[in-house]
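K.L.:
here is the input, now give the coordinates:
(one chain, ligands or ions: 1)
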Amino acid sequence: MANIILLGPPGAGKGTQAKRLVDERRMVQLSTGDMLKEAIARGTDLGKRVEGIMARGELVTDDIVIGLIEDKIAEGTDGGLIFDGFPRTLKQADALGEMLSRKGLSLDAVIEMQVDDAALVARISGRFTCGNCGAVYHDRTRPTKVAGICDVCGSHDLRRRADDNADALKTRLMEYYKKTSPLVGYYYARGQLATVDGLAEMDTVGAAIAKVLDRG
Ligand code: AP5
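P.N.:
Below is the predicted model of the structure:
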């Protein structure tokens, strides 16, 4: 049972690969982005606080996401955890290390998904997701089999994200390079970093991640 971080800029394919690992290995996906989007959809106080921040593409405060992850870890860790979009700052990384060690859990790999900015723009501008089950699609690289209907659950509720626009994407990339990319060095120095080519086909990326997980 492994606990891993998928690290990479917006559109690198973290969510896509996390969902594969859930299906193939019964791991548990902990996506702070999905948790926050759910809070917005449910209209909770948290959702109201973060809606504008997320639509602009800025990071929400560390305390909010650290609290969300802490609650999820307390719910159970069977199958191994995939941290998707968390940590995103050095403070979050330190907090995650402390949470795991308090629980006697290890962090087995940090998988950096490398993708260049031009590819990210193309990926994000073509992305849509199922509002019912969260399946992720792309107009060109991963369309639904039948137009307008989710392959996984049959829902017609296919949506585009509020922050998948040119202005918000520019901010999201800046936030990544300023605040999240220092984590590459942080985990490299700890001997935990593995890098995969996120530009490769989805199956090839999946195989590269599986190789890291199975290296023992
Ligand atoms: P979040 O939801 O985490 O968004 P993100 O990091 O910007 O990542 P994305 O979901 O955009 O991309 P992804 O890497 O998952 O790519 P995907 O698999 O969808 O966060 C949203 C917001 O929440 C943040 O901006 C922030 O405000 C807040 N937030 C969240 N966590 C936070 C934290 N820890 N601290 C502070 N704030 C936080 O793929 C993208 C597209 O490409 C899809 O269409 C997919 O089909 C396609 N694709 C994927 N892989 C491939 C491939 N290999 N080849 C071709 N196409 C591919």
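
K.L.:
what is the mean pLDDT for stretch 209-216?
P.N.:
In this model, stretch 209-216 carries a mean pLDDT of 90.

K.L.:
now tell me what touches that stretch from outside.
P.N.:
2, 4, 17, 21, 25, 108-109, 111, 194, 196 (Cβ atoms under 8 Å, 6 or more residues apart in numbering). For glycine as for every other residue, the C-beta is placed from the backbone atoms N, C-alpha and C.

K.L.:
rerun that using 10 Å as the cut-off
P.N.:
Stretch 209-216 is contacted by residues 2, 4, 6, 13, 17-18, 20-21, 24-25, 27, 80, 82, 108-111, 113, 194-196 when judged by Cβ atoms under 10 Å, 6 or more residues apart in numbering.

K.L.:
drop anything exposed from these.
P.N.:
Buried residues within the contacts of stretch 209-216, defined by neighbour count using 16 or more other Cβ atoms under 10 Å: 2, 4, 6, 13, 17-18, 20-21, 27, 80, 82, 108-111, 113, 194-196.

K.L.:
relative to the ligand, which residue of this protein is the closest?
P.N.:
Per Cβ to the nearest ligand atom, the residue of the chain with the smallest distance to the ligand is Gly33, at 2.0 Å.

K.L.:
how about the contacts made by the nearest residue to that residue once chain neighbours are set aside?
P.N.:
For Gly33, ignoring the flanking residues on the chain, the nearest one in space by Cβ to Cβ, 6 or more residues apart in numbering is Gly85 at 4.6 Å. Applying Cβ under 10 Å, 6+ apart to Gly85 gives the contacts 5-8, 10, 14-15, 18, 29-36, 65, 180.

K.L.:
try 7 Å
P.N.:
14, 31-33 (Cβ atoms under 7 Å, 6 or more residues apart in numbering).
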